[in-house]
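Chemist: Need coordinates for the following:
(chains A and B)
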Amino acid sequence: MTTFMVPAVDVAALKDTTLLNMGIFALFVAVTMVIVFRASRNNKTAADYYAAGRSFTGSQNGTAIAGDYLSAASFLGITGAIAINGYDGFMYSIGFLVAWLVALLLVAELLRNTGKFTMADVLSFRLRQRPVRIAAAISTLAVCFFYLLAQMAGAGSLISLLLGISDWGGQALVIIVVGALMIMYVLIGGMKGTTWVQIIKAILLIAGAAVMTLWVLAIYGFNLSALLGGAVETAGNPNILNPGLQYGKSETSKLDFLSLGLALVLGTAALPHVLMRFYTVPTAKEARKSVVWSIWLIGLFYLFTLVLGYGAAALVGADTIKAAPGGVNSAAPLLAFHLGGPLLLGFISAVAFATILAVVAGLTITAAASFAHDIYANVLAKGKADPDTEVKVARKTVVVIGILAIIGGIFANGQNVAFLVALAFAVAASANLPTILYSLFWRRFTTQGAIWSMYGGLGSAIILIALSPVVSGAKTSMIPGANFAIFPLSNPGIVSIPLAFFLGWLGTVLDKRLEDTSKQAEMEVRSLTGVGAEKATNH
Amino acid sequence: MGHEAQETDAAAAVDFKEVQSTPRFQELRKRHRSFVFPMAIAFLLWYFAYVLLADYAVEFMSTKVWGNINIGLIMGLLQFVTTFAITGWYVSYSNRKLDPIAAEIREEIEGHEFDKHGNRVGGAAQ
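Modeler: Below you'll find the predicted structure:
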């Protein structure tokens, strides 16, 4: 690959605009903090804190879902993946979008009708409470943790680019600051506050990406073919337009691509922080509306990423991106700098940063709700905890999770964030999806099936990740010095997801205990009709 | 188990097994499943066909159709189109075929409770 055609993007010059970037970012933090503070004044009950009093409309919630979903992985990660790996990066956009159909058709409304606050409410509805609730809470915490790692790694990349910090200690400090800010948002604002932050951020992110997309297209006379030609010319490699640049190298890598595709499409409907968003609307119909709204917003955004990714490949060049601090994740900010100079870079970086902050807040509140509501209130206190204590426990959990995410983020720093998020998708699809689908659609499903499927899926996904080249054995690994990578694929989905479905079936058919059929009837009637569920708006 | 009123009163006294066995509920269940299952299978097949082609039929996907636009890109963009189309289709199907019947059953259950105990329970009509 050659770089002689690359227009000048002087990475060193970015340092001169640090103050401007930080100013725009500080402004965003200040404005959102005021909004969070105002929104939180009425947080009284547990329903207020976790589910925003179920007060959001479908379109507001849909925008917030888009905000939750369009994380740094989508913006920084996909743009970078397309800029460097071309067509193979586009796969993320498609998988992340098509996955919403699983959520829309099979999960969203039924779940809204059956649950209250958390995924575990639904999963334990007609099965034995304690074991299922504990398993669901553990898998929620695990998925949130993996997702948090990705966001923290994105924050590290972004700031190291903006401030030109390339040493480990400096980036670690940045991650600590991000984590602290995030803890504040969640502690003060609860679900309502974080939902408003998501809405604002989603609008800013989509608008920012739209401006950049139009700008890139305008440079190429609104001719997509010419833009692609530009990318080929800069890369010096026509294969950037074809599948296989990253995953076509060997049979193993082809299998890895398939595994990634499977995890992406099945992961979304099992992400606890997305599922929890369905509870912030008053009815199933609003839940449907929010999914539809978010599908449109998310689809539009992913179309932009195609242009942004190839735009970065054409105008910035893969070599410049890889050499910049922040590496592959810096493609979008570098493209912004090329297009609109320091001002656009400042705006885009502030938006990307806000994205990370908001998504981290959403994940944290989900994890905290799961711990406080499922493990503390329902298992430890056996349902006798009063709501005030439960919210207090949730707040304490926020601090603990925040600290764990900061530590994890420091270690995950430097990995492609889209790739890291795909791991969270694989864990979610393995641990949660089989049990969600079985308990909604399979009458015979039993507690033993749920337990086997959840622990089997979660355990196999995490063990396979630990034994994969992601963690050791390659020079891009988290622990490059060691080598215990006996599992060749970097995404475990192709093994762990079918295994979890199989275990759910096996556990059920081998289970001698039958579940209460009247609970099954109640769940089915409730999930399809919404009987009783709308009462939740009374608070 | 919970500390909130959501799962009590209105729903508690209802015999859900009876509701489940009514022809109307069976019809709702059938309408729901006969739409979402085939649709889910269809889009998953189409999606995996696309993934497998991108994975194992690189030459085919790299065939240029117009300028630098190849079959792979067109098929990728078609995934967006089908996703939007299925979304729209599902919404119109639910509005026409599922919502009315679900609302009927809901009103019946919650209305029934209202008569039996003589006080207002159930929350659909607030």
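Chemist: Counting neighbours, show which residues of the longest helix along chain B come out buried.
Modeler: Secondary structure of chain B per DSSP state H: the longest helix is helix B:23-56. The neighbour-count check on helix B:23-56 (16 or more other CB atoms under 10 Å in any protein chain shown) flags B:25, B:28-29, B:31-32, B:35-36, B:39-40, B:43-44, B:46-47, B:50-51, B:53-56 as buried. Yep, even glycine has a C-beta here, placed from its N, CA and C like the rest.
Chemist: mind listing what whatever residue of the stretch 1-150 of chain A ends up closest to chain B touches?
Modeler: Residue of the stretch 1-150 of chain A nearest chain B, by CB to the nearest CB: residue A:105 (4.4 Å). Contacts for residue A:105 (CB atoms under 8 Å, 6 or more residues apart in numbering or on different chains) come out as B:36, B:39, B:40, B:86, B:90.
Chemist: What is the nearest of these to chain A?
Modeler: Using CB to the nearest CB, residue B:36 is the member of the contacts of residue A:105 that lies nearest chain A, at 4.4 Å.
Chemist: mind checking how far the closest residue to that closest one other than its chain neighbours is from residue A:154?
Modeler: Nearest residue to residue B:36, sequence neighbours excluded (CB to CB, 6 or more residues apart in numbering or on different chains): residue A:105, at 4.4 Å. Remark: distance between residue A:105 and residue A:154 (CB to CB, to the nearest Å) = 30 Å.
Chemist: Point out where the stretch 301-450 of chain A drops to low pLDDT.
Modeler: A:414 (pLDDT under 70).
Chemist: To clarify, my last question referred to chain A.
Modeler: Along chain A, the model assigns pLDDT under 70 to residues A:1-17, A:40, A:42-53, A:414, A:533-539.
Chemist: can you give me the strands for it?
Modeler: For chain A, applying DSSP state E gives no strands.
Chemist: Looking at it, what residue ends up closest to chain B?
Modeler: residue A:225 (3.0 Å).
Chemist: just checking, next helix/strand downstream of the lowest-mean-pLDDT helix or strand in chain B?
Modeler: Least confident element among the helices and strands of chain B, by mean pLDDT, DSSP states H and E: helix B:9-12 (a mean of 52). Per DSSP states H and E, the first helix or strand lying C-terminal to helix B:9-12 is helix B:16-21.
Chemist: how about residue B:70, phi and psi?
Modeler: According to degrees, to the nearest 10, the main-chain angles of residue B:70 amount to phi -110, psi 170.
Chemist: my guess is residue A:94 meets residue B:80, correct?
Modeler: Yes: assessed by CB atoms under 8 Å, residue A:94 is found in contact with residue B:80 at 7.5 Å.
Chemist: who touches both of those two?
Modeler: residue A:302.
Chemist: which ones are touching the closest residue to residue A:464 other than its chain neighbours?
Modeler: Ranked by CB to CB, 6+ apart and with sequence neighbours excluded, the top spatial neighbour of residue A:464 is residue A:492, at 3.6 Å. By CB under 8 Å, 6+ apart, the residues touching residue A:492 are A:259, A:263, A:423, A:426, A:430, A:460, A:461, A:464, A:465, A:468.
Chemist: The second one contacts residue A:429, correct?
Modeler: What it means is residue A:263. Yes: here residue A:263 reaches residue A:429: they are 5.6 Å apart, a contact under CB under 8 Å.
Chemist: list the residues that contact both of these two?
Modeler: Common contact partners of residue A:263 and residue A:429 (CB under 8 Å, 6+ apart): A:493, A:497.
Chemist: who's more crowded, these two?
Modeler: The neighbour count for residue A:263 versus residue A:429, taken as other CB atoms under 10 Å in any protein chain shown, is higher for residue A:429 (31 against 28).
Chemist: Determine the number of other residues adjacent to the residue in chain B that chain A sits nearest to.
Modeler: Nearest to chain A, among the residues of chain B, is residue B:67, at 3.0 Å (CB to the nearest CB). Number of residues near residue B:67 (other CB under 10 Å) recorded here: 12.
Chemist: Identify the residue spatially nearest to it, adjacent ones excluded.
Modeler: Nearest-residue entry for residue B:67: residue A:225, 3.0 Å, with adjacent residues in sequence omitted and distances by CB to CB, 6+ apart.
Chemist: Over to residue A:321?
Modeler: Using CB to CB, 6+ apart, the nearest residue to residue A:321 is residue A:331, at 4.8 Å.
Chemist: wait, what's in contact with the one you found?
Modeler: Counting by CB under 8 Å, 6+ apart, residue A:331 has contacts A:76, A:79, A:80, A:82, A:83, A:84, A:308, A:309, A:312, A:316, A:321.
Chemist: got it, and residue A:162?
Modeler: Applying CB under 8 Å, 6+ apart, we find residue A:162 in contact with A:14, A:18, A:21, A:22, A:333, A:345, A:349.
Chemist: Now restrict those to buried residues only.
Modeler: By 16+ other CB under 10 Å, the contacts of residue A:162 give A:14, A:21, A:22, A:333, A:345, A:349 as buried.
Chemist: still on that earlier bit, neighbour count for residue A:94 and residue B:80, which is higher?
Modeler: Between residue A:94 and residue B:80, counting by other CB under 10 Å, residue A:94 is the more crowded of the two (25 against 18).
Chemist: From residue A:484, how far off is that one?
Modeler: For residue A:94, the distance to residue A:484 - CB to CB - is 33 Å.
Chemist: repeat for residue A:190
Modeler: With distances taken as CB to CB, residue A:190 is found 42 Å from residue A:484.
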